[in-house]
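Peer 1: This is a predicted model, with the sequence first.
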Amino acid sequence: MDILAMTTMFIDHLGISLFPDNEIFRIIGRLAFPLYAYSLAVGFIKTHSRKNYIQRLFRLALVSQIPYMLLLNTKGLNVIFTLLLSLIVLIEFEKYDSIAKRITIVLAGCLIATVCNMSYGAYCILLVLAYYKIKGIKLVLAHVVLNIVTLMPPIQMYSITANMLLKYQNIRLVNKQIYRYFYPAHLAVLVGVKYALGG
């Protein structure tokens, strides 16, 4: 599933940066984010060191920020920051049995993601949480509802199809380091192409 996540993400960013009028790139790209969000939720469960997991994501987010800003002409924070915040929310969420405290933690995470203009914002926090807590058809329904209540563009409904692929999560064909650093690397490549073409 790692190759599919990487490929669809590349196609999505290729479309948004170089072919903004061709919707097919964005439709294909809708698969990418749910796959990465699910991967984070699984990683949270399986990791031997949450501290190291946080540090890895933070380094990756920092490395990715400049190419992200250059490619998309934005001052917002890239999605690795949002995934990092989602991980922290999961860690804090798990510490408490109190529903009130859990809701407060999730709402705080959503607020931070929104105020800091993080890519995917509160949507990311809630989708990662859904992947952590919900299974089966209820997960698909939760994903649909989430797309609606967070006012995502209609094209985001194509992301629902990614849920059919989650069972292949354990199929890993790419080295972990390549998988992790593909994000900043492909952004940098696309920035180079964009500016070479006079973008």
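Peer 2: That came through fine. Residues are numbered from 1 along each chain as shown.
Peer 1: Please identify the buried residues of the longest helix along the chain?
Peer 2: Determined from DSSP state H, the single longest helix within the chain is helix 50-72. The neighbour-count criterion (16 or more other C-beta atoms under 10 Å) identifies 53, 56-57, 60-61, 63-65, 67-72 as the buried residues of helix 50-72. Using the backbone N, CA and C atoms, a C-beta is placed for each residue, glycine as well.
Peer 1: and the residues you listed, which two are the farthest apart?
Peer 2: Using C-beta to C-beta, the two most remote members of these are Tyr53 and Leu70, lying 27.4 Å apart.
Peer 1: which residues in this structure form helices?
Peer 2: All helices of the chain, identified by DSSP H, fall at 2-18, 23-29, 32-46, 50-72, 79-95, 99-115, 121-133, 136-149, 176-196.
Peer 1: could you dump those helices to a markdown table with distance to Leu165 and mean pLDDT?
Peer 2: What follows is these, written out as a markdown table (distance: least, C-beta to C-beta, whole Å; pLDDT from 0 to 100):
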| stretch | distance to Leu165 | mean pLDDT |
| --- | --- | --- |
| helix 2-18 | 7 | 96 |
| helix 23-29 | 13 | 98 |
| helix 32-46 | 7 | 97 |
| helix 50-72 | 23 | 98 |
| helix 79-95 | 19 | 99 |
| helix 99-115 | 25 | 99 |
| helix 121-133 | 13 | 98 |
| helix 136-149 | 12 | 97 |
| helix 176-196 | 16 | 96 |
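Peer 1: circling back to that earlier point, I'd like to know which elements the longest helix of the chain is packed against.
Peer 2: Under the contact criterion of 3 or more C-beta pairs under 8 Å, 6 or more residues apart in numbering; DSSP states H and E, helix 50-72 touches helix 2-18, helix 32-46, helix 79-95, helix 176-196.
Peer 1: Next one: His186 from Gln177, what distance?
Peer 2: 14 Å (C-beta to C-beta, to the nearest Å).
Peer 1: Who has more neighbours out of these two?
Peer 2: In this view His186 and Gln177 are compared by other C-beta atoms under 10 Å, and His186 has more residues nearby, 18 against 8.
Peer 1: can you pull the contacts of that one?
Peer 2: Applying C-beta atoms under 8 Å, 6 or more residues apart in numbering to His186 gives the contacts Met6, Met9, Phe10, His13.
Peer 1: Just give the nearest non-adjacent residue to the first one, would you?
Peer 2: Spatially, and ignoring its direct neighbours in sequence, Met6 is nearest to Phe182 (5.1 Å; C-beta to C-beta, 6 or more residues apart in numbering).
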